[in-house]
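Engineer: mind folding the following:
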Amino acid sequence: MVDIIPFNGITYNKEKISDFSRVITPPNDVISKEVKQELIDQSDFNFVKLILPDGNGDKYENSAKLLKEWVQEEVLAKDDEETIYIYSESYIIDGKMFGRTGFMTLIKLEDLGNGVLPHEKILEKDLKDRIELIKTTKANFGVPFVLYDDKQKIIDEIVGKEIEGKEPYINFTDKKNVTHKLWKVSNKKAIMKIQEEMKQYRCVIADGHHRYTSELKVKEMLEDTEGAKYGLLCFVNSFNEGMIILPTNRVVFGLENIDMGEVIEQLNEYFEVEEIGDIEELAKKVSETKIMIDKTTNLKNHVFGVYSNLNNKGYLLSLKDISILDSIMPGKTDIYQKLDINILHKIIIEKILGISEEKQKNRENIDFIKGNEETVAKMQDKEIQFAFFVNPPLMREVFLTARAGETMPQKSTYFYPKVFSGLVIYDMDSI
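Structural biologist: Numbers count the residues shown, from 1 in each chain. Take a look at the predicted model:
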């Protein structure tokens with residue numbers, strides 16, 4: 001069961017901020033040092049100063065101090081009424097317009113596997129930073145993005161009626177041409193209907209596993225703080241027409257004594273291998289591969305692309321025999337075994353290249369790149385030995401994996417677009 005409650009959120013004050021695009025940011029995990037500086041240059045009140053604060057041992061205290069200053073200066077203002085925040089994003093992919101609408105509110109935090117299910121593993125090195133930030137500031141700045149499956153779209157209808165014909169409080173378009181809008185809904189009857197509907201669902205984390213896990217850890221650390229029992233989430237219906245999953249590719253580096261001939265020989269044991277020399281053509285070939293599932297046998301085609309800077313060649317890989325998966329992943333469920341990303345990790349990354357799960361957790365010898373263009377650009381760095389191009393999992397695979405109690409490898413999904421940070425803040429002392 002999912003137990004949600006409205007709250008008195010903190011938002012940027014329109015009296016002080018005229019252009020929200022200059023202060024609201026992408027989430028912390030996609031902000032590089034260069035992008036951080038660009039954001040800071042846009043405004044003295046850019047949200048990046050709160051989510052990626054400067055300082056050495058005192059950076060989290062700096063964030064807590066800055067939050068208080070901005071509230072005192074009325075750059076940020078707390079809402080007078082308990083509110084649910086309706087959030088929509090509009091975007092274009094391959095020339096087609098999509099829209100995704102959800103809502104932000106608090107959830108009573110429960111251990112993973114109860115009301116909220118994970119679908120992928122986390123990177124341990126990314127966890128400590130978020131825990132310290134939440135614990136020190138006693139605030140939720142980042143917003144985990146979770147899915148519920150309301151096929152009848154009952155909640156969507158309630159939300160639609162509440163915002164119909166009303167001007168959003170926040171309205172701006174970011175540098176990737178995604179338009180973000182936020183409405184504040186304090187209608188108690190509508191909120192109660194949404195609360196009642198949500199009680200029947202178990203949600204799946206789409207994006208923000210680290211942020212949600214951090215909220216749980218802080219709940220344990222601040223057990224005497226009532227507000228720490230709740231976390232800020234963004235809820236989206238998985239049947240929303242704007243649900244898009246893009247691929248997260250892998251790059252590999254720093255492996256010693258790699259013989260490309262031996263790698264190709266081992267790949268041939270498991271895959272049909274077709275040489276495609278041009279990296280851009282390879283990426284296109286993978287993305288254009290139609291995902292086919294034979295419903296009578298529940299078999300799916302599994303296709304990957306690998307490009308190597310060791311010999312400047314690319315290869316299209318198609319799994320030869322699905323029956324080998326039992327021996328490669330013994331004791332795992334059928335849905336786990338047949339996920340492309342698990343086949344890639346277990347057969348190629350772990351078995352052939354020898355990168356252990358522990359190394360993957362710590363991003364040793366491996367990194368994760370969102371999008372094919374970014375991956376192609378990354379391969380300009382000749383220190384990178386391999387790039388792996390993958391297709392994203394299907395939506396139903398995400399839900400089936402989570403409900404089976406399984407998790408995909410880290411960074412397996414890229415739900416586009418990201419839920420931005422700075423739209424609303426949860427202050428634990430407001431409960």
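
Engineer: from the middle of its chain, how far away would stretch 376-386 be?
Structural biologist: Counting by CA atoms, centre = their mean, to the nearest Å, stretch 376-386 is centred 24 Å from the centre of its parent chain.

Engineer: try stretch 422-429
Structural biologist: Counting by CA atoms, centre = their mean, stretch 422-429 comes out at 20 Å from the chain centroid.

Engineer: average pLDDT across it?
Structural biologist: Mean pLDDT, stretch 422-429: 96.

Engineer: can you list contacts of it?
Structural biologist: 7, 9-12, 23-25, 47, 50-51, 67, 76, 78, 85, 87, 104, 106, 138-141, 143, 170, 180, 182, 222, 225-228, 230-232 (CB atoms under 8 Å, 6 or more residues apart in numbering). All C-beta spots, glycine's among them, are computed from the backbone N, C-alpha and C.

Engineer: what of stretch 360-377?
Structural biologist: 30, 121, 123-125, 246-255, 279-280, 283-284, 286-287, 345, 349, 353, 355, 359, 378, 387, 389, 409-411, 414.

Engineer: let me see the mean pLDDT of it.
Structural biologist: On average, stretch 360-377 scores 91.

Engineer: how far does the biggest strand by length in the chain sit from the chain's center?
Structural biologist: For the chain, the longest strand by residue count, based on DSSP state E, is strand 96-108. Put simply, strand 96-108 sits 13 Å off its chain's centre (CA atoms, centre = their mean).

Engineer: for that strand, packing partners?
Structural biologist: When contacts are defined as 3 or more CB pairs under 8 Å, 6 or more residues apart in numbering; DSSP states H and E, strand 96-108 sits against strand 4-5, strand 84-93, helix 154-163, strand 230-237.

Engineer: quick check: buried residues in that strand?
Structural biologist: Buried positions in strand 96-108, judged by neighbour count with 16 or more other CB atoms under 10 Å: F98, R100, T101, G102, F103, M104, T105, L106, I107.

Engineer: again, but for stretch 117-129
Structural biologist: L117, P118, H119, E120, K121, I122, L123, D126, L127, D129.

Engineer: the fourth one bridge partners, please.
Structural biologist: Read that as E120. Beta-bridge partners of E120, counted by DSSP bridges, are M408.

Engineer: now, the buried residues of stretch 117-129 that are in helices?
Structural biologist: If you go by DSSP state H, those have D126, L127, D129 in helices.

Engineer: with respect to pLDDT, which of these ranks lowest?
Structural biologist: Scoring those by pLDDT puts D126 last, at 73.

Engineer: spatially nearest residue to it (excluding sequence neighbours)?
Structural biologist: H210 (5.1 Å; CB to CB, 6 or more residues apart in numbering).

Engineer: same check on S43?
Structural biologist: Nearest one to S43, counting by CB to CB, 6+ apart, is R22 at 4.3 Å.

Engineer: rewinding a little: and the ones in helices among the buried residues of stretch 117-129, which is closest to G160?
Structural biologist: D126 (35.7 Å; CB to CB).

Engineer: I'd like the distance between the closest one and L133.
Structural biologist: 12 Å (CB to CB, to the nearest Å).

Engineer: confirm that the residue nearest to D126 sits in a strand.
Structural biologist: No: per DSSP: H, G, I helix; E, B strand; the rest coil, H210 lies outside any strand segment and is helix.

Engineer: report the contact partners of L127.
Structural biologist: So L127 contacts H210, T213, S214, K217 (CB under 8 Å, 6+ apart).

Engineer: I'd like those residues laid out as JSON lines, including neighbour count.
Structural biologist: Listed next are these as JSON lines, based on neighbours: other CB atoms under 10 Å:
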{"residue": "H210", "neighbour count": "24"}
{"residue": "T213", "neighbour count": "19"}
{"residue": "S214", "neighbour count": "26"}
{"residue": "K217", "neighbour count": "17"}
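
Engineer: tell me which of those residues fall in helices.
Structural biologist: H210, T213, S214, K217.

Engineer: those: which two are farthest apart?
Structural biologist: H210 and K217 (10.3 Å).

Engineer: can you tell me the closest non-neighbouring residue to F386?
Structural biologist: Going by CB to CB, 6+ apart, F386 has V252 as its nearest residue, at 4.2 Å.

Engineer: mind checking the helices and strands packed on strand 96-108 for the one nearest to V419?
Structural biologist: strand 230-237 (4.9 Å).

Engineer: can you list the strands that that closest one pairs with?
Structural biologist: Sheet pairing of strand 230-237 (DSSP bridges) gives strand 96-108 (antiparallel), strand 145-148 (parallel).

Engineer: in JSON lines: those strands, plus mean pLDDT.
Structural biologist: As requested, the strands paired with strand 230-237 are exported to JSON lines (pLDDT from 0 to 100):
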{"stretch": "strand 96-108", "mean pLDDT": "96"}
{"stretch": "strand 145-148", "mean pLDDT": "94"}
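
Engineer: can you tell me which of those strands is nearest to N312?
Structural biologist: Across these, closest to N312 is strand 96-108 (CB to CB), at 34.8 Å.

Engineer: below-threshold pLDDT in the stretch 151-300 of the chain: ranges please.
Structural biologist: For the stretch 151-300 of the chain, applying pLDDT under 70 flags the ranges 290-300.

Engineer: show me where it has helices.
Structural biologist: 154-163, 188-198, 209-221, 260-270, 279-287 (DSSP state H, counting those that start in this stretch).

Engineer: need the winner for burial among the ones you listed.
Structural biologist: Most buried of these, by mean neighbour count (mean count of other CB atoms under 10 Å): helix 209-221, with a mean of 21.

Engineer: now for it, which elements pack on it?
Structural biologist: helix 124-137, strand 230-237.

Engineer: off-centre distance for the first one?
Structural biologist: This points to helix 124-137. 17 Å.

Engineer: got it, and the shortest one?
Structural biologist: Offset of strand 230-237 from its chain centre (CA atoms, centre = their mean): 13 Å.

Engineer: please apply the same query to stretch 315-328.
Structural biologist: 28 Å.

Engineer: can you give me the buried ones in that stretch?
Structural biologist: For stretch 315-328, by 16+ other CB under 10 Å, it's Y315, L316, L317, L319, I322, L325.

Engineer: what ranges does the stretch 301-431 of the chain have for its strands?
Structural biologist: Ranges of strands in the stretch 301-431 of the chain, per DSSP state E, counting those that start in this stretch, are 303-308, 313-319, 366-370, 384-389, 414-416, 426-427.

Engineer: hang on, L39 in a helix?
Structural biologist: Yes: assessed with three-state DSSP, L39 lies in a helix.
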